[in-house]
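**Student:** Sequence isn't available, so here's the structure alone:
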């Protein structure tokens, strides 16, 4: 397992470095937007990766509700955390790209608004997981995750359902790319997908380890260092009286 993770980490780093070189050096400069268009090679792959991670969160949440699997719950929270990171990158790079192209940092465009709502839903999911100690927290979080996942297709299809300033998607939509740009885009899409998978895997391993450690510490506190149940002095005395109260008056 450790060897596979190390191989994935090295491969992801090399692929990401190669993708960055392709995006900043090899890809041709867009005719109308200039070099600012190169944000596209990071903005869209991060959006794709965030959407995939939220789908993983959805499937893991359904698996938890079905089988009450602790590992499914750990995968759900790991995918949500990683997805929020990539979605945050999307919300930061989008305005940076929009300012020189649209002349404004932010507009309540349907694509932008639904993406912000998606981010807020999953931030709420993480806040619930962080600060609630109830035994029902995993179940409530799973339900919230299923609700939040409904916004993922709405984000993608919003440009068909509503009038929007956002460009058409280059894959599966009305947009188009120069073949050289498309090649660089696909390389970056692959690189960020591997990066997201690596981070999510690492976070999942950490979450499982943390839960196993918490269970071990709880068991040690219950049984004691010698592996025997901890019994108080009061419980050992006859009739539940303290030892000092059992002697003659």
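**Tutor:** Yep, it's here. No experiment lies behind these values; they were computed from the predicted model shown. Residues are numbered from 1 along each chain as shown.

**Student:** how many neighbours does residue 136 have?
**Tutor:** 9 (other C-beta atoms under 10 Å). Placement of C-beta: from N, CA and C, glycine included.

**Student:** Next one: it from residue 62, what distance?
**Tutor:** Computed as C-beta to C-beta, to the nearest Å, the residue 136 to residue 62 distance reads 17 Å.

**Student:** got it, and residue 20?
**Tutor:** With distances defined as C-beta to C-beta, the gap from residue 20 to residue 62 amounts to 36 Å.

**Student:** Distance-wise, check residue 102 relative to residue 195.
**Tutor:** According to C-beta to C-beta, residue 102 and residue 195 sit 28 Å apart.

**Student:** Please say which of the two ends up with more neighbours.
**Tutor:** Neighbours per residue (other C-beta under 10 Å) separate residue 102 from residue 195, with residue 195 holding more: 22 against 14.

**Student:** Would you confirm that that one belongs to a strand?
**Tutor:** No - when classified by DSSP: H, G, I helix; E, B strand; the rest coil, residue 195 is found to be helix rather than part of a strand.

**Student:** Hmm, residue 17 and it touching each other?
**Tutor:** No - here residue 195 does not reach residue 17: they are 11.2 Å apart, not a contact under C-beta atoms under 8 Å.

**Student:** what about the residue lying closest to residue 178 once chain neighbours are set aside, neighbour count?
**Tutor:** The shortest distance from residue 178 to any non-neighbouring residue, by C-beta to C-beta, 6 or more residues apart in numbering, is to residue 28 (6.4 Å). One way to gauge burial is a neighbour count; for residue 28, by other C-beta under 10 Å, it gives 10.
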